[in-house]
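Trainee: Dropping the sequence and predicted coords here.
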Amino acid sequence: MEQTVVLIKPDGVKRGLAGEILHRFERMGLKIIAMKMVKPDTSHFHKHYGTDKDSTIQRLGTKTLDTYKKYGKDAKKDLGTDDPSELGKLVVGWLLDYVTSGPVIAIILEGRHAVENVINMAGPTMPVTAPAGTIRGDFSTDSAAYANAEKRGVSNLVHISGSLEEANFEKTLWFTPEEIHSYNRAEESI
């Protein structure tokens, strides 16, 4: 059985969507094997997102420039720079402000194809492109275009592991071995 990490971000917690989000994962047959509410500091999130690495900063800055071009906007005029590295640093600051703005609920889910199923259930990172029926598609309409213009992180409710390797790293970052439980759900015994 695969294991994957989900974080219900501060906007999901503040909007009272934790139960709905958990319900969707459990309903598809995924098992909660670890869960806690925490309020990590920025250094924890730097480790989580890798936002202390130049390559991540450059990637985020390039994505920001691409968003500005897509919507016919001028990053230099709106944000004071069009340098991908400088833009990446701005985006990292907004992201960290967003994810540290309140508690998060950290979860490990287990089940068949857990990583892929959670990715599909959450929907694309940008809620504006997430289809109806996904968590982000049903509960958020945010986009990078609006977030950048408002100088804030994208409100997208959840973080999900993007791969099995990412999930394995994130499990060790968010949980100790003692916090992870093994048990059978009722339907596993039938």
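Mentor: Nice, I can see it. Numbers count the residues shown, from 1 in each chain.
Trainee: CA atoms for contacts and neighbours, from now on please.
Mentor: Will do.
Trainee: Name the nearest residue to the residue nearest the centre of the chain, sequence neighbours excluded.
Mentor: Closest residue to the average C-alpha location of the chain: His159 at 1.8 Å, with CA atoms, centre = their mean. Of all residues not flanking His159 in the chain, Leu7 sits nearest, at 4.9 Å (CA to CA, 6 or more residues apart in numbering).
Trainee: May I have the phi/psi pair for the one you found?
Mentor: Per-residue torsions, Leu7: phi -120, psi 120 (degrees, to the nearest 10).
Trainee: before we move on, what about the one 4 residues further on?
Mentor: Note on Asp11: backbone dihedrals following degrees, to the nearest 10 are phi -70, psi -30.
Trainee: That one: what's it in contact with?
Mentor: Residues near Asp11 by CA atoms under 8 Å, 6 or more residues apart in numbering: Ser155, Asn156, Leu157.
Trainee: Adding pLDDT, secondary structure and distance to Met37 as columns, could you present the residues you listed in JSON lines?
Mentor: Listed next are those as JSON lines, based on pLDDT from 0 to 100; DSSP: H, G, I helix; E, B strand; the rest coil; distance: CA to CA, whole Å:
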{"residue": "Ser155", "pLDDT": "96", "secondary structure": "coil", "distance to Met37": "19"}
{"residue": "Asn156", "pLDDT": "97", "secondary structure": "coil", "distance to Met37": "18"}
{"residue": "Leu157", "pLDDT": "98", "secondary structure": "coil", "distance to Met37": "15"}
